[in-house]
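**Q** make a model of this:
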Amino acid sequence: MELFTRYVLENPWPLGVLLLGIAAGVGWTGLQAVDRRRLLAAGVVAVMGAAVMAAGKAIVTPGEHARAVVMEVFDAAVAADITTVAAAFTDDSALSVGSPNNPGFSKDVIMRRLERLTGRYRIESSRVTKLDATTVTKDRGIVNFACVTEPVLGFGPVPTSWIIQVDRQPDGTWKFSHVTWVTLGMGAPPRSW
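**A** Numbers count the residues shown, from 1 in each chain. Reported below is the predicted structural model:
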(Lines give C-alpha, C1' and ligand atoms only; values in the text may rest on other atoms or scores of the structure.)
Protein backbone atom coordinates (compact mmCIF):
# COMPACT_ATOMS: atom_id res chain seq x y z
CA MET A 1 0.00 0.00 0.00
CA GLU A 2 2.91 2.36 0.72
CA LEU A 3 4.22 2.02 -2.86
CA PHE A 4 0.74 2.66 -4.25
CA THR A 5 0.38 5.81 -2.13
CA ARG A 6 3.87 7.07 -2.94
CA TYR A 7 3.97 6.33 -6.69
CA VAL A 8 0.32 6.56 -7.73
CA LEU A 9 -1.48 8.94 -5.38
CA GLU A 10 1.32 11.32 -4.33
CA ASN A 11 3.41 11.21 -7.52
CA PRO A 12 1.49 9.74 -10.45
CA TRP A 13 3.61 11.31 -13.19
CA PRO A 14 6.39 8.71 -13.59
CA LEU A 15 4.10 5.67 -13.71
CA GLY A 16 1.33 7.44 -15.63
CA VAL A 17 3.69 8.78 -18.28
CA LEU A 18 5.46 5.41 -18.54
CA LEU A 19 2.15 3.60 -19.12
CA LEU A 20 0.99 6.18 -21.65
CA GLY A 21 4.35 5.92 -23.44
CA ILE A 22 4.08 2.14 -23.58
CA ALA A 23 0.51 2.47 -24.88
CA ALA A 24 1.68 4.86 -27.61
CA GLY A 25 4.49 2.51 -28.64
CA VAL A 26 2.34 -0.59 -28.67
CA GLY A 27 -0.42 1.33 -30.43
CA TRP A 28 1.98 2.58 -33.10
CA THR A 29 3.31 -0.91 -33.81
CA GLY A 30 -0.28 -2.22 -33.85
CA LEU A 31 -1.23 0.35 -36.46
CA GLN A 32 1.85 -0.46 -38.57
CA ALA A 33 1.16 -4.18 -38.43
CA VAL A 34 -2.62 -3.79 -38.55
CA ASP A 35 -2.81 -5.98 -35.44
CA ARG A 36 -6.06 -5.61 -33.49
CA ARG A 37 -4.65 -7.41 -30.44
CA ARG A 38 -1.83 -4.86 -30.12
CA LEU A 39 -4.29 -2.02 -30.54
CA LEU A 40 -6.52 -3.50 -27.85
CA ALA A 41 -3.51 -3.95 -25.54
CA ALA A 42 -2.48 -0.35 -26.24
CA GLY A 43 -5.98 0.82 -25.34
CA VAL A 44 -5.95 -1.12 -22.06
CA VAL A 45 -2.52 0.24 -21.10
CA ALA A 46 -3.60 3.79 -22.05
CA VAL A 47 -6.67 3.47 -19.81
CA MET A 48 -4.41 2.25 -16.97
CA GLY A 49 -2.09 5.23 -17.48
CA ALA A 50 -5.01 7.65 -17.51
CA ALA A 51 -6.45 6.01 -14.38
CA VAL A 52 -3.13 6.45 -12.55
CA MET A 53 -3.03 10.13 -13.52
CA ALA A 54 -6.67 10.68 -12.55
CA ALA A 55 -6.27 8.93 -9.18
CA GLY A 56 -3.21 11.03 -8.41
CA LYS A 57 -5.14 14.19 -9.19
CA ALA A 58 -8.42 13.25 -7.49
CA ILE A 59 -7.19 11.76 -4.19
CA VAL A 60 -5.44 13.97 -1.63
CA THR A 61 -3.26 11.87 0.66
CA PRO A 62 -2.28 12.71 4.26
CA GLY A 63 1.20 13.59 2.99
CA GLU A 64 -0.29 16.07 0.53
CA HIS A 65 -2.49 17.56 3.26
CA ALA A 66 0.62 17.92 5.44
CA ARG A 67 2.55 19.63 2.62
CA ALA A 68 -0.31 22.11 2.09
CA VAL A 69 -0.50 22.99 5.80
CA VAL A 70 3.27 23.47 5.99
CA MET A 71 3.21 25.84 3.01
CA GLU A 72 0.27 27.77 4.47
CA VAL A 73 2.16 28.21 7.75
CA PHE A 74 5.38 29.14 5.92
CA ASP A 75 3.57 31.85 3.94
CA ALA A 76 1.86 33.13 7.10
CA ALA A 77 5.17 33.25 9.01
CA VAL A 78 6.81 35.24 6.22
CA ALA A 79 3.85 37.64 6.33
CA ALA A 80 4.07 37.82 10.17
CA ASP A 81 0.49 36.51 10.37
CA ILE A 82 0.88 34.95 13.81
CA THR A 83 -2.86 34.23 14.12
CA THR A 84 -2.76 31.87 11.13
CA VAL A 85 0.47 30.28 12.35
CA ALA A 86 -0.92 29.73 15.86
CA ALA A 87 -4.12 28.19 14.49
CA ALA A 88 -2.06 25.53 12.68
CA PHE A 89 -0.79 24.02 15.95
CA THR A 90 -2.76 21.55 18.09
CA ASP A 91 -3.25 22.49 21.74
CA ASP A 92 -0.81 19.77 22.83
CA SER A 93 1.74 20.33 20.07
CA ALA A 94 5.44 20.38 20.88
CA LEU A 95 8.65 21.66 19.33
CA SER A 96 11.80 19.60 19.81
CA VAL A 97 15.26 20.89 19.04
CA GLY A 98 17.83 18.73 17.25
CA SER A 99 15.95 15.42 17.29
CA PRO A 100 12.30 14.33 17.45
CA ASN A 101 13.29 12.24 20.50
CA ASN A 102 14.37 15.30 22.50
CA PRO A 103 11.88 16.75 24.98
CA GLY A 104 9.66 19.34 23.36
CA PHE A 105 8.64 22.89 24.19
CA SER A 106 4.91 23.43 24.75
CA LYS A 107 2.59 25.39 22.47
CA ASP A 108 2.73 28.34 24.88
CA VAL A 109 6.50 28.58 24.52
CA ILE A 110 6.24 28.17 20.74
CA MET A 111 3.68 30.99 20.51
CA ARG A 112 5.80 33.35 22.64
CA ARG A 113 8.75 32.74 20.31
CA LEU A 114 6.60 33.19 17.20
CA GLU A 115 5.51 36.62 18.43
CA ARG A 116 9.07 37.71 17.66
CA LEU A 117 8.23 37.45 13.96
CA THR A 118 6.13 40.61 14.27
CA GLY A 119 9.00 42.65 15.66
CA ARG A 120 12.71 42.18 15.98
CA TYR A 121 12.90 38.95 13.98
CA ARG A 122 10.54 39.93 11.17
CA ILE A 123 11.29 37.99 7.98
CA GLU A 124 12.47 40.06 5.04
CA SER A 125 12.54 37.13 2.62
CA SER A 126 12.48 33.36 2.68
CA ARG A 127 12.54 30.57 0.13
CA VAL A 128 11.82 26.87 0.41
CA THR A 129 14.76 24.61 -0.42
CA LYS A 130 13.21 21.25 0.49
CA LEU A 131 9.62 20.08 0.76
CA ASP A 132 9.28 16.29 0.97
CA ALA A 133 5.97 14.99 2.29
CA THR A 134 5.24 11.40 3.26
CA THR A 135 2.03 9.66 4.28
CA VAL A 136 2.52 7.81 7.58
CA THR A 137 -1.06 6.74 8.34
CA LYS A 138 -4.50 7.75 7.10
CA ASP A 139 -4.47 10.55 9.68
CA ARG A 140 -0.80 11.60 9.68
CA GLY A 141 1.72 13.07 7.27
CA ILE A 142 5.36 14.00 7.86
CA VAL A 143 7.09 16.82 6.01
CA ASN A 144 10.85 17.25 5.75
CA PHE A 145 11.14 20.97 5.20
CA ALA A 146 14.06 23.33 4.72
CA CYS A 147 14.25 27.00 3.90
CA VAL A 148 16.68 29.89 3.72
CA THR A 149 15.40 32.92 5.60
CA GLU A 150 16.71 36.43 5.77
CA PRO A 151 15.49 38.41 8.79
CA VAL A 152 15.08 42.19 8.67
CA LEU A 153 17.80 42.39 11.35
CA GLY A 154 20.34 41.73 8.63
CA PHE A 155 22.00 38.49 9.79
CA GLY A 156 22.13 37.44 6.17
CA PRO A 157 20.54 34.27 4.78
CA VAL A 158 19.97 31.65 7.49
CA PRO A 159 19.29 28.05 6.36
CA THR A 160 17.15 25.90 8.64
CA SER A 161 15.61 22.45 8.36
CA TRP A 162 12.61 20.96 10.08
CA ILE A 163 10.62 17.73 10.45
CA ILE A 164 6.93 18.53 10.82
CA GLN A 165 4.28 16.03 11.84
CA VAL A 166 0.78 17.00 10.73
CA ASP A 167 -2.27 15.13 12.05
CA ARG A 168 -5.93 15.10 11.01
CA GLN A 169 -8.08 16.50 13.81
CA PRO A 170 -11.54 15.19 14.78
CA ASP A 171 -13.12 18.12 12.91
CA GLY A 172 -11.28 17.12 9.70
CA THR A 173 -8.69 19.91 9.76
CA TRP A 174 -4.97 19.18 9.59
CA LYS A 175 -2.65 20.68 12.22
CA PHE A 176 0.94 20.52 13.43
CA SER A 177 1.24 18.07 16.32
CA HIS A 178 5.03 17.93 16.55
CA VAL A 179 7.77 20.04 15.02
CA THR A 180 11.47 19.25 15.19
CA TRP A 181 13.95 22.00 14.44
CA VAL A 182 16.78 19.89 12.98
CA THR A 183 19.41 22.37 11.80
CA LEU A 184 20.32 26.03 11.98
CA GLY A 185 22.99 26.93 9.44
CA MET A 186 25.31 23.97 9.19
CA GLY A 187 24.79 22.69 12.74
CA ALA A 188 22.23 21.95 15.39
CA PRO A 189 20.03 24.77 16.66
CA PRO A 190 20.60 26.04 20.21
CA ARG A 191 18.82 23.89 22.79
CA SER A 192 17.99 26.99 24.81
CA TRP A 193 15.83 28.26 21.98
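
**Q** the lengthiest strand in the chain pairs with which strands, and in what direction?
**A** Taking DSSP state E as the criterion, the chain has its longest strand at strand 123-137. Next to strand 123-137 in the sheet, as set by DSSP bridges, lie strand 140-151 (antiparallel).

**Q** list the buried ones in the partner strand?
**A** Residues of strand 140-151 classed as buried by neighbour count (16 or more other CB atoms under 10 Å): 140, 141, 142, 143, 144, 145, 146, 147, 149, 151. For every residue, glycine as well, the C-beta is placed using N, CA and C.

**Q** ditto for stretch 72-79
**A** Buried, per 16+ other CB under 10 Å, within stretch 72-79: 72, 73, 74, 76, 77, 78.

**Q** and for stretch 59-67?
**A** Applying 16+ other CB under 10 Å to stretch 59-67 flags 61, 62, 63, 64, 65, 66, 67 as buried.

**Q** hmm, back to that, sort out for me which of the buried residues of stretch 72-79 are in helices.
**A** Among these, the ones falling in helices (DSSP state H) are 72, 73, 74, 76, 77, 78.

**Q** list the contacts of the lowest-mean-pLDDT helix or strand in the chain.
**A** Using mean pLDDT, DSSP states H and E, the weakest-scoring helix or strand in the chain turns out to be helix 2-4, at a mean of 74. Contacts with helix 2-4, where a contact means CB atoms under 8 Å, 6 or more residues apart in numbering, come from residue 135.

**Q** centroid residue for this protein?
**A** residue 67 (2.7 Å; CA atoms, centre = their mean).

**Q** quick check: phi and psi on it?
**A** Main-chain dihedrals, residue 67, degrees, to the nearest 10: phi -60, psi -40.

**Q** so it touches residue 143, yeah?
**A** Yes. Between residue 67 and residue 143 there is a contact under CB atoms under 8 Å: 5.8 Å.

**Q** which neighbours do those two have in common?
**A** Common neighbours of residue 67 and residue 143 are listed as 131, 133 (criterion: CB under 8 Å, 6+ apart).

**Q** now do the host helix or strand of residue 65, average pLDDT.
**A** Following DSSP states H and E, one finds residue 65 within helix 62-78. Helix 62-78 carries an average pLDDT of 95.

**Q** that one packs against which elements?
**A** Counting contacts by 3 or more CB pairs under 8 Å, 6 or more residues apart in numbering; DSSP states H and E, helix 62-78 is packed against helix 82-87, strand 123-137, strand 140-151, strand 158-168, strand 174-184.

**Q** no further questions, thank you.
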